[in-house]
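# just the structure for this:
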Amino acid sequence: MLAAALFESVFNSSPVGNYLLSPTPEAIILAVNDTFLRASSRTREELVGVSLFAAFPSNPDDPLDTSEEELRRSFARVIETGQPDNLPAQRYPIPVTLPDGQVRFEERFWSAYSSPIFDADGRIVCISHTNRDVTEQIRAENALRENEKRFRALTLASSDVVYRMNPDWTEIRSLEGRGRIKDTVEARPFWHDEYIPPEDQPRLHAAIAEAIRTHSVFELEHRVRRLDGSIGWMDARAVPMLDADGELYEWIGASSDVTERREAEEKLKQADRHKDEFLAMLAHELRNPLAPLGVAAQLLQQGRLDEARVRQTSQIIGRQVLHMTHLIDDLLDVSRVTNGLVTLDQAPAAIDAVLLEAVEQVMPLMKARGHRLSYSLAPGAPLVLGDKKRLVQVVVNILNNAAKYTRDGGAIELEAQVEGPQVRIMVVDNGIGMAPEMAARAFDLFTQAERTPDRSSGGLGLGLALVKSLVELHGGTVSCDSPGVGQGSRFTVCLPRMQDSGEERSTHPGGGDVAPAAAPLQVLVVDDNVDAALTLAMLLEMGGHAVTVEHRSQDALARVRAAPPQVCLLDIGLPDMDGKELARRLRADPASAGAMLVAITGYGQDSDRDSALAAGFDHYLVKPIDTGALQGILAQAGESRAGA
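Sure thing, here's the model as predicted:
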């Protein structure tokens, strides 16, 4: 028979915390070993003879603390069945006394095993209760589960394809495939070639081999064939997973669909190329009229031209200035429309009148090219609500485009139809036509069909972009189609039809020449551009007016006080004082308060016009000025003086 001291020594030296409890509801601590005392930071005197539940009470402020109830039920099962009972991991916070004397409960987790101890008669004399502090293990397991939850949430929240692969990339298992990738059934090299276009496979193979060889992060943006057969772009990245010895055991990868970004980048590159092409065209188109203007200037300087040659030279200058004016107007129009600065002067407009006015404007070009232009008006005289001037501009731009790209002697048809709630305008030509991809972007800015080296088509490629913007401002649509290169084109404009059939307003503006001034006028020209001021003065003097010229605002103010003018033609961009401030001072000076003030400027925005009129100007002319409009203004001033 072994001595009792031996059993006590074994009990106390056990590496597992253990104590003996009475088989009663109070669970009185009969004995406790050293391991448990160390784990609980208690002494034997504190515990022996005390109820386990009194020595380690539950936390009354913790509604989740059910440890006492669970432990009581475990002891009850042991007493009732005579069998051991196991609690693998029990949350059992224990009270801890802090250095300042306060007591707080510290969350702890214990694995508990309760076993009955019987006497010779088979009665339970005590319960052997062993436990082990598994707090760190439970916390590690909880942290691992939390990390797994976060990883799963991140995987679900991401739009990426997430996957894992074996070390040599012969197997893949998708963690979140997004319907874009499937698991490999068995290990096989180059399984990814199923998703990669053949021309991209060598680059992918090389990148994979390098990543495997160096155990480095794999990164590559490549094309991919999706499960539905479409081709897209993927940004793929895979991270090598290494064990403690630095051995590669797995890859974790993610692939993002970057098709939209790649397409956007390509569009930006195309837009940049189109911009460069446009700037080259702009330079060419501006140099074209500058060449004859330069030669004409040299001819006039020689002074040996007869009257016929002078007239011919001046006509050349006029045509080229008009051409440059149209180019600049196109640029300004596109800028205003694309920036939302155009306000439509909407009123009921007859489509027939719009078409007839447009035909009238393009007839000189059609005749010069020998084109046969036929048109068909819509029955019923349909009306649309819109800005007639802008609608005429739409039709003129389309007809001009047709004329540019139709060979001499070609045929162009203009037709209007009523289709339900819409008015449809069609322009059909038998010109050079276009490929489908060109038709798809015919209305894009800076887009123009391929031009021959002689640049015979001319223009800046802005007309159709302007057409699209103006039509959309009217609530309509415009489209282009062509059977192919060399087979002509058709442009179709659809506009909402007005149901009101009220009487049509007169659509024909008054005509005739502007009446000359009733009497010669005293005119002051102020412009810091010496050549511009002198040429304008010469033109006015030829009309019989008395003209004085100044190039600075202060000199102009002094001149006004010495000789009050009847009309002042003022440049806006003057160096010492801008034209608007000069206008204000002229209005404030009694000597010039009643003079007619005309702004002459290169700024043509509506806001510029409004601010000039607010400064006191009566009229606003954009350079190069319309001499007919200027003559009309002078005639109005002359009539006012005569009436006075």
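# check which element follows the lengthiest helix in the chain along the chain.
For the chain, the helix with the greatest residue count under DSSP state H is helix 259-302. Of the helices and strands lying after helix 259-302 in sequence (DSSP states H and E), the nearest is helix 307-338.
# tell me which residues in that following helix are buried?
313, 316-317, 320, 323-325, 327-328, 330, 333-334, 336-337 (16 or more other Cβ atoms under 10 Å). Heads up, the C-betas are built off the backbone N, CA and C, glycines and all.
# tilt between that helix and helix 259-302?
Between helix 307-338 and helix 259-302, the angle comes out at 160 degrees (axes from the mean of the first three to the mean of the last three Cα atoms, to 10 degrees).
# how about Arg497, what does it touch?
382-384, 418, 421-423 (Cβ atoms under 8 Å, 6 or more residues apart in numbering).
# filter the residues you listed down to the ones in strands?
Among these, the members falling in strands (DSSP state E) are 383-384, 418, 422-423.
# just the buried members of those residues?
For the ones in strands among the contacts of Arg497, a burial check counting by 16+ other Cβ under 10 Å picks out 383-384, 422-423.
# run through who's touching the helix or strand hosting Ile412.
Element membership of Ile412, judged by DSSP H and E, is strand 411-419. The contact list for strand 411-419 (Cβ under 8 Å, 6+ apart) reads 351-352, 355, 358-359, 366, 371-380, 382, 395, 399, 402-403, 406, 423-430, 494, 497.
# pull out the buried residues from it.
By 16+ other Cβ under 10 Å, the buried positions in strand 411-419 come out as 412-417.
# thinking again about what came up before, turn the ones in strands among the contacts of Arg497 into CSV, columns for pLDDT.
CSV is the format used below for these (pLDDT from 0 to 100):
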residue, pLDDT
Leu383, 92
Val384, 93
Val418, 92
Gln422, 93
Val423, 94
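# show me where the stretch 351-500 of the chain has strands.
Secondary structure of the stretch 351-500 of the chain (DSSP state E, counting those that start in this stretch): strands at 372-376, 383-386, 411-419, 422-429, 477-481, 489-498.
# of the ones you listed, which is nearest Asp306?
Asp306 lies closest, by Cβ to Cβ, to one member of these: strand 372-376, at 38.2 Å.
# which other helices and strands does that closest one contact?
Contacts defined by 3 or more Cβ pairs under 8 Å, 6 or more residues apart in numbering; DSSP states H and E place strand 372-376 against helix 351-369, strand 411-419.
# least reliable of the ones you listed by average pLDDT, please.
Ranked by mean pLDDT, these end with helix 351-369 at the bottom, a mean of 89.
# what's the angle from that helix to strand 411-419?
Helix 351-369 runs at 170 degrees relative to strand 411-419, counting by the same axes, to 10 degrees.
# who's in contact with Ala349?
Ala349 makes contact with 383-388, 391, 507, according to Cβ under 8 Å, 6+ apart.
# quick check: PyMOL command selecting the buried ones in those.
Remark: buried members of the contacts of Ala349, expressed as a PyMOL selection using 16+ other Cβ under 10 Å:
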select buried, resi 383+384+385+386+387+388+391
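# with respect to His129, which of the contacts of Ala349 is nearest?
Checking those against His129 with Cβ to Cβ, the nearest one is Leu385 at 93.1 Å.
# I'd say Phe443 and Leu470 touch.
No. Contact criterion Cβ atoms under 8 Å: Phe443 and Leu470 do not qualify, at 11.0 Å.
# of those two, who's got more company?
Set Phe443 next to Leu470 and count neighbours by other Cβ atoms under 10 Å: Leu470 wins out with 23 against 20.
# distance of that one from Arg490?
Here Leu470 is placed at a distance of 19 Å from Arg490 (Cβ to Cβ, to the nearest Å).
# could you do Gly632 as well?
Counting by Cβ to Cβ, the separation of Gly632 from Arg490 is 41 Å.
# same check on Leu521?
From Leu521 across to Arg490, the span is 53 Å (Cβ to Cβ).
# what about the two, which has more around it?
Counted by other Cβ under 10 Å, Leu521 and Arg490 do not tie: Leu521 has more neighbours, with 22 against 17.
# now do the same contact list for that one.
545-546, 566-567, 634, 637-638, 641.
# just the pLDDT for Gly512.
32.
# Leu495 and Ala143, how far apart?
Distance, Leu495 to Ala143, by Cβ to Cβ: 68 Å.
# again, but for Asp531
Relative to Ala143, Asp531 is positioned 83 Å away (Cβ to Cβ).
# again with Ala442
For Ala442, the distance to Ala143 equals 62 Å [Cβ to Cβ].
# show the contacting residues for the spatially closest residue to Thr325 that is not a sequence neighbour.
Distances taken as Cβ to Cβ, 6 or more residues apart in numbering place Pro624 nearest to Thr325, at 5.7 Å, with adjacent residues excluded. Shown in contact with Pro624 (Cβ under 8 Å, 6+ apart): 321, 324-325.
# please identify the helix or strand for Pro624.
Pro624 belongs to no helix or strand when assigned by DSSP H and E.
# and for Asp235?
According to DSSP H and E, Asp235 maps onto strand 231-242.
# so what touches that strand?
With contact meaning Cβ under 8 Å, 6+ apart, strand 231-242 is reached by 161, 165, 197, 211, 215-226, 248-259, 261-262.
# list buried residues within those residues.
161, 165, 211, 218, 220, 222-225, 251, 253-259, 262.
# restricted to strands, list those residues.
Checking the buried ones among the contacts of strand 231-242 against DSSP E, those in strands are 161, 165, 218, 220, 222-225, 251, 253-257.
# can I get the residues you listed in JSON lines including distance to Ser553?
Formatted as JSON lines, those follow (distance: Cβ to Cβ, whole Å):
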{"residue": "Val161", "distance to Ser553": "69"}
{"residue": "Met165", "distance to Ser553": "78"}
{"residue": "Phe218", "distance to Ser553": "70"}
{"residue": "Leu220", "distance to Ser553": "66"}
{"residue": "His222", "distance to Ser553": "65"}
{"residue": "Arg223", "distance to Ser553": "64"}
{"residue": "Val224", "distance to Ser553": "67"}
{"residue": "Arg225", "distance to Ser553": "70"}
{"residue": "Trp251", "distance to Ser553": "76"}
{"residue": "Gly253", "distance to Ser553": "72"}
{"residue": "Ala254", "distance to Ser553": "68"}
{"residue": "Ser255", "distance to Ser553": "67"}
{"residue": "Ser256", "distance to Ser553": "62"}
{"residue": "Asp257", "distance to Ser553": "62"}
